[in-house]
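**Q** This is a predicted model, with the sequence first.
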Number of protein chains: 2
Amino acid sequence: MAKQKTANAVEKGEKKGSKRKLIVAAAQLFKTSGYDKTTVRDIANAVGITSGSIFYYFDSKEDLLEAVILYGISAGLEIIVAELEKKSTPTSRFHALVYAHLLALHGEPGNAHEVSSREWSRLPNDARARLKGLHERYRVIWTQELNALKDAEVLVGDEEMCRRIMVPALNWSSTWLNSKTKKVFEDIADNMCAGVLNISKQEFHSMRKAA
Amino acid sequence: MAKQKTANAVEKGEKKGSKRKLIVAAAQLFKTSGYDKTTVRDIANAVGITSGSIFYYFDSKEDLLEAVILYGISAGLEIIVAELEKKSTPTSRFHALVYAHLLALHGEPGNAHEVSSREWSRLPNDARARLKGLHERYRVIWTQELNALKDAEVLVGDEEMCRRIMVPALNWSSTWLNSKTKKVFEDIADNMCAGVLNISKQEFHSMRKAA
DNA sequence: GTCTATACAGTGATAGAC
DNA sequence: GTCTATCACTGTATAGAC
């Protein structure tokens, strides 16, 4: 449509806009139909271009998958960091972490974030290596927060096991979580935190609210 | 190779044997490469027949997937029921449930059982409906055991949430569990139970050992 | 019960016009 | 930057011989 605007509008506005559109559309389709069953024609169709044009933006379908996953992880990390910054006590930060994960999964970047965990195995090794660092930051954040929770003597069990229990449980939430309001997310987060600390939801809630 | 044996050997021995072989081989391949990336030629190759012959046993590749999942769920249920029968106290039964799930995932029927959770979404609706009942029995067993744990005042949080935390965490264990001995499974089960009850592994262990 | 041969419908990706 | 046309290839599934 728009042939040219100012130089920088073309270089970082329009161009990146289309790339972004493709990533978002692909994320949507990858999530609902899976990577393999989604064809490049489906994706092209969703953004109103033809299949050949996709390869102007991405070298291959796998390359597009990598972009989707990169976007999913990055956006998720941003949300998590932003939510954590708002809180200070170990329990409220723990809740924030879980809440942010739900937000990332079911909110704006939702499709991409879910694809990240679902289709990771479809990535070629070099792509996996490129994303490894970003992936690692997740693990570090969880470990930090769970350790703080342990220092506060709220968490008793092994923090690594706790992480290995919580993260897949969160990722799996897409199968049973329907309502997607902020209030529901907060509630589910209370429930999950309480679940893994083996206390009632009410107790955890008042615990994290107490300064 | 063996052209013919007795009549019943052919009818329920050889025939079912080949079908079984296909299911096992398919399970293996579906697990490592995923359903979509596995071709019928790969599967045929693995059991030493040609691709066309698969369709003598199964109407379609999807039909074969259904058979794999049916086998995975059934075998898993059998293991769980068998392990539960051996125990009586709520905590020891809880441990048995988790242990059995690990056994099912990583033991004999392992590939098929993992495929059950991984590729469920690839099933057509009618197949899903056929398997629904079997699937439901899982949920009932978990609910029963967790309720017993609640009655015993060992579990405090919501039992449904607890199930939703534990089951995906168990299914995800294939990504980090390497060693697959009975001893390791028992240990991991202790660790996971302890994790969700927020007590130390040692404490849970002695709890379930106390008559 | 298994093989060979093949149909037939896509699939990811490329080339070149506009 | 997008389209059209097309390629090489792989996928499932079928038909008929043995």
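**A** Looks like it came in fine. What you see is a predicted model; the values in this text were computed from it and never measured. Residues are numbered from 1 along each chain as shown, chains lettered A, B, ... in the order given.
**Q** Need the nearest residue in space to A:D42, chain neighbours excluded.
**A** The spatial neighbour of A:D42 that comes closest, neighbours along the chain excluded (CB to CB, 6 or more residues apart in numbering or on different chains), is A:L29 at 5.6 Å. Yep, even glycine has a C-beta here, placed from its N, CA and C like the rest.
**Q** what's the answer for A:V184, then?
**A** A:V184 sits nearest to A:L177 (CB to CB, 6+ apart), 7.7 Å away.
**Q** Just confirm that neighbour contacts A:G110, I think it does.
**A** No: applying CB atoms under 8 Å as the test, A:L177 and A:G110 come out as separate, 11.0 Å apart.
**Q** which one of these two has more residues nearby?
**A** A:G110 (21 against 16; other CB atoms under 10 Å in any protein chain shown).
**Q** The more buried one and DNA strand D, how far apart?
**A** When distance is defined by CB to the nearest atom of the strand, to the nearest Å, A:G110 is 25 Å away from DNA strand D.
**Q** mind checking pLDDT for the spatially closest residue to that residue that is not a sequence neighbour?
**A** Leaving aside its sequence neighbours, A:G110 sits nearest to A:A104 (CB to CB, 6+ apart; 7.2 Å). On pLDDT, A:A104 comes in at 96.
**Q** and if you look at A:K19?
**A** Reported pLDDT for A:K19: 96.
**Q** Pop out the phi and psi values for it.
**A** phi -60, psi -40 (degrees, to the nearest 10).
**Q** Point to the helix or strand of chain A where mean pLDDT is at its lowest.
**A** helix A:7-8 (a mean of 40; mean pLDDT, DSSP states H and E).
**Q** okay, and for chain A, where does confidence drop off?
**A** Along chain A, the model assigns pLDDT under 70 to residues A:1-15.
**Q** one step back: and the residue nearest to A:G110, what is it in contact with?
**A** Neighbouring residues of A:A104 by CB atoms under 8 Å, 6 or more residues apart in numbering or on different chains: A:A75, A:G76, A:I79, A:I80, A:G110, A:H113.
**Q** Spell out which residues of chain A are next to DNA strand C.
**A** A:T38, A:T39, A:V40, A:R41, A:S51, A:G52, A:F55, A:D59, A:S60, A:K61, A:E62 (CB under 7 Å from any atom of the strand).
**Q** helix or strand for the residue of chain A found nearest DNA strand D, which one?
**A** Minimum separation of chain A from DNA strand D (CB to the nearest atom of the strand) falls at A:G52, amounting to 2.7 Å. If you go by DSSP states H and E, A:G52 is part of helix A:51-57.
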